[in-house]
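**Student:** Quick one, what's the 3D model for this:
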Amino acid sequence: MTETLQVPVWVAIIIGLFALWALLNRLLLPSVRWYFQRRANVIIDELNMRLDLELPAFKLTTRRVLIDRLTYDQKVLDAVEAYCHETGALREVAIRKVKHYAREIVPDFSAYVSFRFGNMLAKRFVRTLYRIRLGFADTASLENLDAKSSVVFVMNHRSNMDYILVAYLALNKMAISYAVGEWARVWPIQQIIRSLGGYFVRRGSNDALYRRVLERYVQMAIEGGVVQAIFPEGGLSRDGYLRPPKLGLLDYMLRGFDPDQERDIVFIPVGINYDRVLEDRTLLLDQRNDKSHRTGSEAVRTTLRFMWKNIRQMMRGDWYRFGYACANFGAPVSLREFASSRNIEPRKLDKEARGHHVQALAEILMQHVGRVIPVLPVSLTSHVLLKNSDKGMSRLEIKASVQECMKKLENTGARIYVPRSDRDYAVEVGLRMLLLRRIVAEDEQGLLHINPDDRALLEYYRNAIAHLLPAEEL
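**Tutor:** Prediction:
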C-alpha cells in the first residue's frame, strides 16, 4: 500500500485536469453562478423601478426553457406533422430541425449585459459620432398607453445605427427586442445582439417549417409583453426613399391576435433621419448600373482611409462629428381599433383574406412613419442645391431658399428639427457637412456648386424627405 506508483506524465496531466474541473464544478462555479445571479436580480429590481414598462417574465426566462417551449409548442408540432407527411421525413429528424431553428431565433437576454455594459457602450458610441436629438414625441398618447398592451415600434430603416439610436433614446423607458437580419449572424456581433434581446430573422425564407417556428416565437413574445421593434421595409433604403413594406412579421402578429383578449398590440411609429449615414456610399453602390462590388481588400482600404481622414480632422480641430441624428415618435396605432374599424377577427381569417388587411395595416403604419421622419439640415440643404443645380448659389441665396422651404414644410405638418432654434445656423450646419465631405465646393466668387461625382449623394439625402415636400418643391 505504500509502494510508489509510476504513471506517464501525460496521464498525470489528464488526471490533474479532471481533478481541477471537478473542484471548479462542485465548489467554485456554483458560488460564481450564485454571485452573478444575485447581481442580475438586483439589476432587474432596479430596472423595474426605473423603467416605464417593467421587464416581462418572458424576457427573463432562460434561453434553454424558451427553446424547449418553442420546440414543443402545439402549433409547431402540428407543423412538424404536416412537414413529415409532405416530405416523408422522420419525426425525430423534423424535431431536430425545429430545435435548430429555435436556437437560431431565440435570444439570450441578459439584463446585466444590456443595461450595465451594452447601454454604456451605445451611449458613448452614438454621442461620439452624432449629436443625438429626440425631435418630437406624442407624449400625451404615449403616456396613456395601457400598461398591459404589447408595444411594437415600427421604424424606417436608414442605417445600421438605427438599432443603437432608438435603444439609446428609449434607455430609461423600456427594454427593446429587435428583429435583426442575417447580416449580423457573425461572431461576436451575434452573441452581443442575442444578449441585448435581439432575435434573428431569415429574410425571404421559403421554408414553411422555419416560418412556422419564427411565427410562434413572435406570437409568444407578443403574448408575453416583450417590447419589440421592427423595420417593415425589410432592409436599408438604397436610394433614400421609403421602401414598400414587407408583410411577414405583421402577418404573424395579426394571425395570432384575438381582439377580445385583455392584451392589445400597439404600434408606435418612429421616424429616423441623419445628417450623415455611415453606409451611404456603400448603399449607393447598389444603384450603379454596372452593379459592381468591391473586393474585401478594397473595402478594408476604404474603411482605413475613412478612419484616417476623421482622425486627421480631429487632430486639426475641425471634426464636427457626423451632424445630427434625430428620431421622432408618432401617435400609437391600436391593432384592436384597426380590427374593430374593419369588423374583423384576424386569427379567424384565411391567408388570402388576412393578407388584404395586413397590406392595409402596413400601408397605414408606413404613412404614420413617413409623417414623423425628421427634416434635418443636410436633407433641406441638399434639396435646395439640387433644385438650383443649373447655377451656383451664394450662402445668402441658399439660406433664403431653405427658410422658404421650411415654411412650406411646416404648413404640411412636417417635423423640422432646427438646431439651437436658429434657422440660419441650421443652414450653416448643413452646408458645413457637405463642404467637409467635398460633395459641394465653393468657387472664388463665393458661389457653391455640386460636385458632379457626388450628385447621387445629395439625391440620397434629399430623398429622405421627398415624400414630405410640397408638389411645387419637386
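
**Student:** going forward, measure contacts between C-alpha atoms and count neighbours the same way
**Tutor:** Noted.

**Student:** how about low-confidence regions in this structure?
**Tutor:** 1-7, 11, 21-60, 110-119, 171-175, 183-189, 192, 286-320 (pLDDT under 70).

**Student:** Could I get the full set of strands for it?
**Tutor:** Taking DSSP state E as the test, the strands found in the chain are 131-137, 150-155, 177-180, 199-200, 228-230, 265-274, 324-329, 333-334, 440-442, 448-450.

**Student:** strand partners of the first one, parallel vs antiparallel please.
**Tutor:** In other words, strand 131-137. Based on DSSP bridges, the pairing partners of strand 131-137 within the sheet are strand 324-329 (parallel).

**Student:** what's the offset of the strand it pairs with from the middle of its chain?
**Tutor:** 14 Å (C-alpha atoms, centre = their mean, to the nearest Å).

**Student:** list the buried ones in it?
**Tutor:** The neighbour-count check on strand 324-329 (16 or more other C-alpha atoms under 10 Å) flags 324-329 as buried.

**Student:** right, so of the strands of the chain, which gets closest to Arg238?
**Tutor:** Arg238 lies closest, by C-alpha to C-alpha, to one member of these: strand 265-274, at 14.0 Å.

**Student:** hmm, who's touching the closest one?
**Tutor:** Applying C-alpha atoms under 8 Å, 6 or more residues apart in numbering, the external contacts of strand 265-274 come out as 149-158, 162, 222, 323-336, 365-366, 368-376, 464.

**Student:** now do stretch 375-386
**Tutor:** By C-alpha under 8 Å, 6+ apart, the residues outside stretch 375-386 that reach it are 273-276, 324, 326, 393, 398, 401-402, 405, 414-418, 426-427, 429-431, 433-434, 449-450, 458-459, 461-465.

**Student:** Recalculate using a threshold of 6 Å.
**Tutor:** Residues external to stretch 375-386 that are found in contact with it (C-alpha atoms under 6 Å, 6 or more residues apart in numbering): 275, 416-417, 426, 430, 458, 461-462.

**Student:** go on, stretch 336-344?
**Tutor:** Pro259.

**Student:** One more: stretch 252-262?
**Tutor:** Residues from elsewhere that reach stretch 252-262 (C-alpha under 6 Å, 6+ apart): 215, 336, 346-347.

**Student:** Stretch 154-162 now?
**Tutor:** 230-231, 236-237, 268-271.

**Student:** Including distance to Ser340, could the residues you listed go into a markdown table?
**Tutor:** Shown next, in a markdown table, are those (distance: C-alpha to C-alpha, whole Å):
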| residue | distance to Ser340 |
| --- | --- |
| Ile230 | 23 |
| Phe231 | 25 |
| Leu236 | 33 |
| Ser237 | 33 |
| Ile268 | 18 |
| Pro269 | 20 |
| Val270 | 24 |
| Gly271 | 26 |
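
**Student:** most neighbours, which of the residues you listed?
**Tutor:** Highest neighbour count within these: Val270, with 30 neighbours (other C-alpha atoms under 10 Å).

**Student:** Against Asp239, how distant is that residue?
**Tutor:** The gap separating Val270 from Asp239 is 19 Å, by C-alpha to C-alpha, to the nearest Å.

**Student:** Neighbours of the closest residue to Glu81 other than its chain neighbours, how many?
**Tutor:** Take Glu81 and drop its neighbours on the chain: the residue closest to it by C-alpha to C-alpha, 6 or more residues apart in numbering is Arg91, 7.3 Å away. Neighbour count of Arg91, defined by other C-alpha under 10 Å: 15.

**Student:** Against Leu70, how distant is Arg91?
**Tutor:** Separation of Arg91 from Leu70 (C-alpha to C-alpha): 16 Å.

**Student:** again, but for Val418
**Tutor:** With distances taken as C-alpha to C-alpha, Val418 is found 48 Å from Leu70.

**Student:** quick one: contacts for the spatially most central residue of the chain?
**Tutor:** In the chain, the centroid-proximal residue (C-alpha atoms, centre = their mean) is Tyr163; its distance is 3.4 Å. Under the criterion of C-alpha under 6 Å, 6+ apart, Tyr163 has no neighbours.

**Student:** Count residues in the vicinity of Gly248, would you?
**Tutor:** Each residue near Gly248 was counted by other C-alpha under 10 Å, and the total is 16.

**Student:** I misspoke; the intended subject was Asp390.
**Tutor:** 10.

**Student:** Now do the helices in the stretch 101-250 of the chain.
**Tutor:** Here the stretch 101-250 of the chain has its helices, by DSSP state H, counting those that start in this stretch, at 111-112, 119-129, 139-143, 162-169, 189-195, 208-223, 248-255.

**Student:** Would you mind giving those helices as a markdown table with distance to Asp454 added?
**Tutor:** Formatted as a markdown table, the helices of the stretch 101-250 of the chain follow (distance: least, C-alpha to C-alpha, whole Å):
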| stretch | distance to Asp454 |
| --- | --- |
| helix 111-112 | 44 |
| helix 119-129 | 22 |
| helix 139-143 | 39 |
| helix 162-169 | 24 |
| helix 189-195 | 32 |
| helix 208-223 | 41 |
| helix 248-255 | 36 |
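
**Student:** No further questions, thank you.
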